[in-house]
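Let's see this in three dimensions:
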Amino acid sequence: MKKHDLNPESLMMTYGYKPELSEGAIKCPIFQTSTFVFKTAEEGKTFFELAYGLREKSPKEELGLIYSRINNPNLEILENRLCLWDKAEDCAVFESGMSAISTVLLEFLTPGDVLVYSNPLYGGTDHFIKHFLTKIGVHTVGVMPGQSVDEVIKMIEDSGKADRLAMIYLETPANPTNTIVDIEKYSLIAKKYSTEQRKTLLAVDNTYMGPLWQHPLQCGADLVLYSATKYIGGHSDLIAGAVLGNAELMVRVKTLRTFLGNMISPHTAWLLLRSLETLKVRMDQQTQNAQVIVDFLNNHPKIKKVYYLGLLKEGTETYETYKKQCSAPGAMVSFDIIGGEKEAFMFLNNLQLIKLAVSLGSTESLAEHPKTMTHAGVEEQQRQQMNITDQLVRISIGVEHSKDLILDLEQALEKVNIAVTMER
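Numbers count the residues shown, from 1 in each chain. You can find the predicted model right below:
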């Protein structure tokens, strides 16, 4: 049997690891070391030549182990395994999702460039784009959900800097409203503004779908980004990020990572290797649970509206986009509770099994209030445009029994004192 005949969930157990190099240990040990011994000075010289880009890598040559800021067996095996899900040529792992995002934006954007980005975005990304990139002279153009390709092109042209469009950055489905964006259509916009001298890149934050339910690189994206803290880590016990793409782009990402020094530790990489072994099992259960819970919420008299990909109406453009680029509706559910902040807080404060905490994608279910928590730093006018209101609640569905989760939601909603005669 050839190893590439196996599915990724099977390869997660052994891919890229040779037990004979580690005393026969069936699981990859933690290589808790800062530096690595060279066999000869000549070997050290060749390793550094590659690490610093002083020469091209010859066929089948691999970068030797030098120093854990540059490379480490745990990181390399993790990156190799992550590539399998997205069918990427290379991967770079980081100490956080924001570290991955900021490194990509810093590497591929320079003063005077234009960045087009979708809304809504994760609050940290939104802040970095609006308060840091603009400070260093990057021009930004934010597009809203539902805007057509022609409208986006007009916004780019109206900026007066269409020739400096360096990157389009998408988050789809978006946090916290599950707003979906057609990746393929934006890839065509990127191609329209690409030249022989410089390609306009399309980067996609795929955190909400994890590496299982959507594969942006197959939809025309150049780079896919993750907060690996979420589904990839999946146990609320680590912070990490990842970027994947073709070899040429990833050389640049990894080079900047080397000098920023923001790669993950060997121990965190080892924890992620553990998590990858159960990634599909966990995510399959989470989306199954979510679909049952959405059915309950969508018929509850105290819920005004539920935001979930599985509720998109057939025949709509958003539904067609969802069916084209997603294999499942995910496990992130948001809803508007009838009332406002008082009612939302009352609901959150009365949850018992579901924990009141930010983050998502973990084995335990989590609930939060986006307006006052994850998206507190987003401007109020923009929050209103994106429906991030006082009544919006976000839930990340875990692997608990769905009946238990529904009982918890039901008892918390019972304690919410609102008039339910309002029109849904």
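
Check the gap between the residue nearest to S22 when sequence neighbours are not counted and N80 for me.
Closest residue in space to S22, ignoring its immediate chain neighbours: P29 at 5.3 Å, by C-beta to C-beta, 6 or more residues apart in numbering. Every residue, glycine included, has its C-beta placed from N, CA and C. Between P29 and N80 the distance, using C-beta to C-beta, to the nearest Å, works out to 16 Å.

Isn't the residue nearest to S22 up against L21?
No: if you go by C-beta atoms under 8 Å, P29 and L21 don't touch, sitting 10.0 Å apart.

So which of the two has more stuff around it?
Higher neighbour count among P29 and L21: P29, with 14 against 11, using other C-beta atoms under 10 Å.

Would you verify that the more buried one is located in a helix?
No: counting by DSSP: H, G, I helix; E, B strand; the rest coil, P29 is not part of a helix but coil.

For this structure, give me the ranges with low pLDDT.
Scanning the chain with the threshold set as pLDDT under 70 gives 1-4, 418-424.

Strands of that one, residue ranges please.
90-94, 114-118, 139-143, 165-171, 201-205, 223-227, 241-245, 303-307, 332-337, 355-356, 366-368, 392-396 (DSSP state E).

Neighbours of A100, how many?
Neighbours of A100 under the rule other C-beta under 10 Å: 28.

any idea how far I239 is from it?
11 Å.

do the same with P8
24 Å.

Not counting its neighbours along the chain, what's nearest I183?
Nearest non-adjacent residue to I183, counting by C-beta to C-beta, 6+ apart: C219, 3.9 Å away.

what sits opposite L366 in the beta ladder?
Beta-bridge pairing of L366 under DSSP bridges involves K355, S396.

domain ranges for this structure?
What automatic domain parsing lists as the domains of the chain is 79-264, 280-414.

Please work out which of those domains is packed deepest.
Mean neighbour count (mean count of other C-beta atoms under 10 Å) peaks for domain 79-264 among the domains of the chain, with a mean of 20.

Now do the end-to-end distance for that one.
11 Å (C-alpha to C-alpha, to the nearest Å).

For the nearest residue to G241 once chain neighbours are set aside, which residues are in contact?
For G241, ignoring the flanking residues on the chain, the nearest one in space by C-beta to C-beta, 6+ apart is A100 at 3.2 Å. A100 sits next to 92-94, 225-227, 241-243 when contact means C-beta atoms under 8 Å, 6 or more residues apart in numbering.

wait, which of those is closest to S68?
V93 (12.4 Å; C-beta to C-beta).

quick one on the thing from earlier: will you turn the strands of the chain into TSV that also has distance to I70?
TSV is the format used below for the strands of the chain (distance: least, C-beta to C-beta, whole Å):
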stretch	distance to I70
strand 90-94	12
strand 114-118	29
strand 139-143	32
strand 165-171	26
strand 201-205	24
strand 223-227	21
strand 241-245	17
strand 303-307	43
strand 332-337	36
strand 355-356	38
strand 366-368	35
strand 392-396	35
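
just checking, what's the longest helix in the chain?
Ranked by residue count, the top helix of the chain under DSSP state H comes out as helix 279-297.

export it as PDB, just CAs?
In PDB, the C-alpha atoms belonging to helix 279-297 read as follows (Å, rounded to 0.1, in the frame of the first residue of the first chain):
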ATOM      1  CA  LEU A 279      -9.300  15.900  14.300                       C
ATOM      2  CA  LYS A 280     -11.800  14.200  11.900                       C
ATOM      3  CA  VAL A 281     -13.600  12.300  14.700                       C
ATOM      4  CA  ARG A 282     -14.000  15.400  16.800                       C
ATOM      5  CA  MET A 283     -15.100  17.600  13.900                       C
ATOM      6  CA  ASP A 284     -17.600  15.100  12.600                       C
ATOM      7  CA  GLN A 285     -19.200  14.900  16.000                       C
ATOM      8  CA  GLN A 286     -19.300  18.600  16.400                       C
ATOM      9  CA  THR A 287     -21.100  19.300  13.200                       C
ATOM     10  CA  GLN A 288     -23.600  16.500  13.800                       C
ATOM     11  CA  ASN A 289     -24.300  18.100  17.200                       C
ATOM     12  CA  ALA A 290     -24.600  21.500  15.800                       C
ATOM     13  CA  GLN A 291     -27.200  20.500  13.200                       C
ATOM     14  CA  VAL A 292     -29.400  19.000  16.000                       C
ATOM     15  CA  ILE A 293     -29.000  22.100  18.200                       C
ATOM     16  CA  VAL A 294     -29.700  24.500  15.300                       C
ATOM     17  CA  ASP A 295     -33.000  22.700  14.700                       C
ATOM     18  CA  PHE A 296     -33.900  23.300  18.400                       C
ATOM     19  CA  LEU A 297     -32.900  26.900  18.400                       C
END
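
Can you spell out which helices and strands pack onto it?
Contacts defined by 3 or more C-beta pairs under 8 Å, 6 or more residues apart in numbering; DSSP states H and E place helix 279-297 against helix 8-11, helix 210-213, strand 303-307, strand 332-337, helix 402-414.

List phi and psi for N246.
With angles defined as degrees, to the nearest 10, N246 shows backbone torsions of phi -80, psi 170.

what's the first-to-last distance across stretch 170-180?
From its first residue to its last, stretch 170-180 covers 10 Å (C-alpha to C-alpha).

How far off centre is that stretch?
In terms of C-alpha atoms, centre = their mean, to the nearest Å, the centre of stretch 170-180 is set 10 Å apart from its chain centre.

Then stretch 95-110?
Computed by C-alpha atoms, centre = their mean, the separation of stretch 95-110 from the middle of its chain amounts to 13 Å.

wait, what's in contact with the closest residue to E107 other than its chain neighbours?
Closest residue to E107 apart from its sequence neighbours, by C-beta to C-beta, 6+ apart: L256 at 4.7 Å. The contact partners of L256, taken as C-beta under 8 Å, 6+ apart, are 103, 106-107.

re earlier: can you pull out the residues in contact with the longest helix of the chain?
8-9, 12, 85, 210-213, 231-232, 234, 303, 306, 308, 310-311, 328-333, 335, 361, 363, 395, 397-400, 402, 405-406, 409-410.

Now with 7 Å, please.
Helix 279-297 has contacts (C-beta atoms under 7 Å, 6 or more residues apart in numbering) with 9, 12, 210, 212, 231-232, 234, 303, 306, 308, 310-311, 328-331, 333, 335, 363, 397-399, 402, 405-406, 409.

quick one: it to strand 392-396, angle?
Angle, helix 279-297 to strand 392-396, by axes from the mean of the first three to the mean of the last three C-alpha atoms, to 10 degrees: 140 degrees.

Helix 279-297 versus strand 303-307: what angle between them?
When the same axes, to 10 degrees is applied, the directions of helix 279-297 and strand 303-307 differ by 150 degrees.

my read: L271 touches I239, true?
No: counting by C-beta atoms under 7 Å, no contact exists between L271 and I239, whose distance comes to 10.3 Å.
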